[in-house]
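Student: My questions concern the predicted model and sequence given below.
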Amino acid sequence: MSSRSVLWAIGLLAFSFYACGEASTDLPKDEGIPAYEEILPGTWEAVSMYVEVNSAENVADSNYVFQINEGDWRNVFSVSPPVSYFEKDHKYRIERRDRRDSVMDVSRGIWNIMGDTLMMIESKQSFQYLISYEKGLLYFMGIRDWDGDGEMDDHYQEVRRRVSIGTE
């Protein structure tokens, strides 16, 4: 190999390293995505819920919308809004209570966040939501099997409000 070829190869290699280094500093840095790992821990109360149920119980053309607005929890459904407790150690629990504040049901699991996606994993089911945060409200959007028909085809949206930075 001639000295000219060696110099050409070294120059090309040096340019490659320089170009790769420059490109890596120009990559997008998720600046638009809040630090959900820091936002999520705490206590959150459901504000509203909206579910578009598609082919309810696998019956064709049986679509409907299930919606709960902020005042409906107690007035229409006679329950308190569900409260979610997200621990810093990535565990969570969701308590559902009746109007008299008696616990009706508790869900427990672990959570993890990747970018703007929240994974919530329980022993028999898991959920994945696209989340966003604005003015103290946390928005959840995802596809679920809301009607229990075995099909992940129901569009789910929920809004939660932080009620405490702690989980006691």
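Tutor: Sure, I can see it.
Student: going forward, measure contacts and count neighbours with C-alpha atoms only.
Tutor: Noted.
Student: any idea how far residue 133 lies from residue 64?
Tutor: Plainly put, residue 133 is 28 Å away from residue 64 if you go by Cα to Cα, to the nearest Å.
Student: likewise residue 142?
Tutor: Applying Cα to Cα to residue 142 and residue 64 gives a distance of 17 Å.
Student: out of those two, which sits in the more crowded spot?
Tutor: residue 142 (19 against 13; other Cα atoms under 10 Å).
Student: what residues are up against the more buried one?
Tutor: 128, 129, 130, 155, 156, 157 (Cα atoms under 8 Å, 6 or more residues apart in numbering).
Student: List phi and psi for it.
Tutor: phi -170, psi -180 (degrees, to the nearest 10).
Student: Can you show me the strands along this structure?
Tutor: Ranges of strands in the chain, per DSSP state E, are 42-53, 64-68, 83-86, 91-97, 103-114, 117-121, 126-134, 137-144, 154-164.
Student: Between these, which one is closest to residue 76.
Tutor: Nearest to residue 76 among these is strand 64-68 (8.7 Å), distances taken as Cα to Cα.
Student: what's in contact with that closest one?
Tutor: By Cα under 8 Å, 6+ apart, strand 64-68 touches 48, 49, 50, 51, 52, 53, 54, 56.
Student: buried set for that strand?
Tutor: Neighbour-count burial for strand 64-68 flags residue 68 (criterion: 16 or more other Cα atoms under 10 Å).
Student: Could you export that strand as PDB, CA atoms only?
Tutor: Extracted C-alpha coordinates of strand 64-68, given in PDB (Å, rounded to 0.1, in the frame of the first residue of the first chain):
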ATOM      1  CA  TYR A  64     -71.000   2.700  22.400                       C
ATOM      2  CA  VAL A  65     -69.400   5.500  24.500                       C
ATOM      3  CA  PHE A  66     -68.900   5.300  28.200                       C
ATOM      4  CA  GLN A  67     -68.100   8.600  29.800                       C
ATOM      5  CA  ILE A  68     -67.600   9.900  33.300                       C
END
